[in-house]
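Enquirer: Got a sequence here, can you model it:
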Amino acid sequence: EQMALSGSNYAGVRWWSYQNKEPRTYLQVKFKKMLKKDRKYCVRYYVTLGDLSKYGADQFGAYMSKMLIKKDDESNLTYEPQVPALRTKVYDDLFSWQGVCGMYEAKGDEQYLVLGNFSANEKTNTVKIKRPKGETRPQTANAYYFIDDVAVFEVKSPSECKCEQLDKAESESIYGTKAT
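Expert: Predicted coordinates for the structure are as follows:
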């Protein structure tokens, strides 16, 4: 039920599921240009928890890869995320977009960005989420997030990598509230 932060689309990923019953999903994109060696980049994106998620989770990470990551099974990816900023914050807001960001120093061969939870289920902190008022559909036993406005851009200093938290009241009226 969420409106896009900008444009008309966003992606959704299953960040975590109760007792690991459903496979996690990940968002992977190819950069237009390979990252440049020893340059610093800001990785920033916005998340909002899906209306029917019964849980909110932490462990938001970004992994930079020189190759496309393909998997033939449903096991979780276990890479060490290179941009672990805000990994310990549980994102539990159903109504507004929250910024996630961090810095990355490039090796120079990175061509792909993968967003997701790379931690073991037992290392992922979760909180139970109340079903939104007026919602009658059952909640799902997972933490499902929508992701929008993914950006990777070069910066000279860490102060240029701001992870702006959108004002909740403004976000609720501009970026979507649950339709009744």
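Enquirer: Ser96 against Val47, yeah?
Expert: No - using Cβ atoms under 8 Å as the test, Ser96 is too far from Val47 to be in contact (10.1 Å). C-beta coordinates here come from the backbone N, C-alpha and C atoms, glycine included.
Enquirer: List the beta-bridge partners for Ile147.
Expert: On the basis of DSSP bridges, Ile147 is bridged to Ala11, Val47.
Enquirer: since we're on it, how many residues are nearby?
Expert: Using other Cβ atoms under 10 Å, the number of residues around Ile147 comes to 21.
Enquirer: For it, list the residues it contacts.
Expert: Residues near Ile147 by Cβ atoms under 8 Å, 6 or more residues apart in numbering: Tyr10, Ala11, Gly12, Val13, Leu27, Tyr45, Tyr46, Val47, Leu115.
Enquirer: before we move on, what about Asp72?
Expert: Asp72 touches nothing, counting by Cβ under 8 Å, 6+ apart.
Enquirer: Just the buried ones from the contacts of Ile147, in ChimeraX syntax?
Expert: Buried residues within the contacts of Ile147, by 16 or more other Cβ atoms under 10 Å, are selected in ChimeraX with:
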select :10,13,27,45,46,47,115
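Enquirer: pretty sure Glu105 is touching Asp38, no?
Expert: Yes - with contact defined as Cβ under 8 Å, Glu105 counts as touching Asp38 (6.6 Å).
Enquirer: Compile the contacts of Ile147 into CSV and extend it with columns for distance to Asp92.
Expert: Output for these, formatted as CSV (distance: Cβ to Cβ, whole Å):
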residue, distance to Asp92
Tyr10, 18
Ala11, 19
Gly12, 16
Val13, 16
Leu27, 20
Tyr45, 17
Tyr46, 15
Val47, 10
Leu115, 18
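Enquirer: quick check, nearest of the contacts of Ile147 to Lys130?
Expert: Set against Lys130, the nearest of these by Cβ to Cβ is Val47 (18.7 Å).
Enquirer: how about the contacts of Ile147 in CSV, adding pLDDT?
Expert: Output for the contacts of Ile147, formatted as CSV (pLDDT from 0 to 100):
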residue, pLDDT
Tyr10, 95
Ala11, 95
Gly12, 95
Val13, 96
Leu27, 96
Tyr45, 92
Tyr46, 92
Val47, 93
Leu115, 95
